[in-house]
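Student: When you get a sec, could you give me coordinates for this:
(chains A and B)
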Amino acid sequence: MSVNYRILACGSNGNYQLGIGNNEDKNELVASKFLLQDGQVTETIPSKPIRISCGGNHTLVLLENGGVYSSGENTYGQCGLPACDNIPIFRTISGSNWINVSCGWEFSVLINSDGDVYVCGLGNKGELGLGKSIRRAELTQLPFSVPKKENSNKFCNQDLVLKSSLNHTVIKLPNNEFVGWGNCRKGQLGSTASTSNGKPESVFWEPRVLDFGKNTDDIVDFDVGREFTVLAKNNEVKVFGKLSSEVSVKEGVHLVDIKSMWSSVHLLVRDIKTDLLSIQSFGNNSHGQLYPVYESHPQVLHFTTGSEHGLLVSAENEVLAWGWGEHGNCGIQQKIQSDGENVTFDYLNQVFSGKPKISSVFGGCATSWVVMEEET
Amino acid sequence: METIYDEIEIEDFTFDPITQLFQYPCPCGDRFAISFDDLKDGEEIAVCPSCSLMVKVIYEPEDLDEYEEEMK
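Tutor: Numbering: from 1, shown residues only, chains lettered A, B, ... in the order given. Predicted coordinates for the structure are as follows:
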């Protein structure tokens, strides 16, 4: 018996970012297609997708076997492939030992098992980390590499955390230091120095060790939003940059996971008494982005966020969505809303239920992704 | 009146002196846009051509001077 995987997607698709072979938005899950090296097109992948990261209009899929596939807008080479208009179905990019990927607006960052960091795409605000003079690049290695660990010379996915948002990237290194680059104007990359004209720095053009204040050694998790970075340790959460609200963990719960939309922060917390998981949200609620308040919640297994919507997997093997769903990324609206236009989902809307087993969910810019696990 | 999605400072927009448009990424993947002339007229809402989201541009009238220079 072996396990195969399929990736189903819905939402915004104007640049083929769903990898389904056409550029129509979808409000129902459709299987992404993959072009294999032998020329065959398949919906079934033999290696587990461990991360799906999305830019404005492009998508990278990282497989457990170290391969990376990409689709969507590739005008600046942000898919990691030679620049062209759009990549209509997922194609593999060069390299076979990738351990992590992340996408920002029109750029991507990839790290391999040697700790080498590669970037591609467009970055007028330092997004590529290649210095002030290089604003556009096809897959190029950064002068910065992840420092080697003692006793081992290869890195794996669990060794480091890599996150990119609109214009900035942050990496948590195995030694617990943070390195980042890109737009820092709002403080999203921690403390900045003053430039010669007395103004604060607005861009880190090259990777540098970030200063998030004292006691960052025991940071357990972090995420990045449009103009902020949020750090979590034990039950403490700290936001660097611009967010419209304070974030705090309520008493009686234990923080399990932290995720950001572009303008809000969401905490997965475990109730100390009941042991049940629920979600607490902070920030912009213009389109139902804050987790809806119910008297009885579905039992949450895990969750993720897209640019302005959230997705959770329930104990019943359902995918439920909330937030801004104008492009079909929250599924077909089942509860009539006051705006009547399938824009705001201020309740949990079912995107998927039934079989097969859901392996994981990922969110992008008005896109939703469900990885299915099938035994054959 | 539709809900405004967010407020964005004019410095965070990209200005193209040829099209005279200010643009900023929209969470749908497209870009909010507003023209120099609209801002000059006191309009402050940038709209996205691909969805219903709108942002309010935060600026002072004198902020426009440096962009007017770029257009010359």
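Student: Just give the nearest non-adjacent residue to residue A:127, would you?
Tutor: The spatially closest residue to residue A:127, leaving aside those adjacent along the chain, is residue A:107, at 4.6 Å (C-beta to C-beta, 6 or more residues apart in numbering or on different chains). Every C-beta, even on glycine, is put in place using the N, C-alpha and C of the backbone.
Student: got the contact list for that neighbour?
Tutor: Shown in contact with residue A:107 (C-beta atoms under 8 Å, 6 or more residues apart in numbering or on different chains): A:55, A:76, A:78, A:119, A:120, A:121, A:122, A:123, A:127, A:128, A:164.
Student: In three-state terms, label the residue of chain B found nearest chain A for me.
Tutor: Using C-beta to the nearest C-beta, the closest approach of chain B to chain A is made by residue B:27 at 3.5 Å. Under DSSP: H, G, I helix; E, B strand; the rest coil, residue B:27 falls in the coil class.
Student: Do I have it right that it meets residue A:307?
Tutor: Yes: contact criterion C-beta atoms under 8 Å: residue B:27 and residue A:307 qualify, at 3.5 Å.
Student: what do the two both touch?
Tutor: A:262, A:324, A:365, A:366.
Student: Distance of the first one relative to residue A:232?
Tutor: This points to residue A:262. As defined by C-beta to C-beta, to the nearest Å, residue A:262 lies at a distance of 18 Å from residue A:232.
Student: Comparing these two, which shows the higher neighbour count?
Tutor: residue A:262 (25 against 21; other C-beta atoms under 10 Å in any protein chain shown).
Student: Where does the prediction get shaky in chain A?
Tutor: A:337-340 (pLDDT under 70).
Student: if you set the cut-off to 80 instead, what comes out?
Tutor: A:1, A:46, A:149-152, A:194-198, A:214-217, A:294-296, A:336-341 (pLDDT under 80).
Student: Nearest to chain B: which residue in it?
Tutor: residue A:307 (3.5 Å).
Student: mind listing what that residue touches?
Tutor: Neighbours of residue A:307 in contact, by C-beta under 8 Å, 6+ apart: A:261, A:262, A:324, A:363, A:364, A:365, A:366, B:27, B:28.
Student: wait, is it part of a helix?
Tutor: No: looking at residue A:307 with three-state DSSP, it is coil, so not inside a helix.
Student: how about the nearest residue to residue B:71, chain neighbours excluded?
Tutor: residue B:17 is the one closest to residue B:71 (C-beta to C-beta, 6+ apart), at 4.7 Å.
Student: now residue A:170
Tutor: residue A:180 (4.2 Å).
Student: The one you found in helix, strand or coil?
Tutor: Going by three-state DSSP: residue A:180 is strand.
Student: so what's it bridging to?
Tutor: residue A:170, residue A:208 (DSSP bridges).
Student: Could you measure from it over to residue A:84?
Tutor: 30 Å.
Student: Show me which of those two is the more surrounded one.
Tutor: Each of residue A:180 and residue A:84 has its neighbours counted (other C-beta under 10 Å); residue A:180 has more, 25 against 11.
Student: Contacts only, for that one.
Tutor: Counting by C-beta under 8 Å, 6+ apart, residue A:180 has contacts A:168, A:169, A:170, A:171, A:189, A:190, A:204, A:207, A:208, A:210, A:229.
Student: what's the neighbour count on the second one?
Tutor: I take that to be residue A:169. 30.
Student: can I assume it is in contact with residue A:105?
Tutor: No: counting by C-beta under 8 Å, residue A:169 sits too far from residue A:105 to count as a contact (11.2 Å).
Student: what sits in contact with each of the two?
Tutor: Joint contacts of residue A:169 and residue A:105 (C-beta under 8 Å, 6+ apart) are residue A:127.
Student: Most neighbours among the contacts of residue A:107, which one?
Tutor: When neighbours are taken as other C-beta under 10 Å, the top entry among these is residue A:78 (33 neighbours).
Student: before we move on, the earlier item: so which of the contacts of residue A:307 is surrounded by the most neighbours?
Tutor: Busiest of the contacts of residue A:307 [other C-beta under 10 Å] is residue A:366, holding 35 neighbours.
Student: Pairing partners for the helix or strand that residue A:313 is a member of, with directions?
Tutor: According to DSSP states H and E, residue A:313 maps onto strand A:309-314. The strands beside strand A:309-314 in its sheet (DSSP bridges) come out as strand A:300-305 (antiparallel), strand A:319-324 (antiparallel).
Student: where's residue B:49 relative to residue B:26, distance?
Tutor: 9 Å.
Student: what's the answer for residue A:10, then?
Tutor: 18 Å.
Student: what does residue A:293 give?
Tutor: For residue A:293, the distance to residue B:26 - C-beta to C-beta - is 28 Å.
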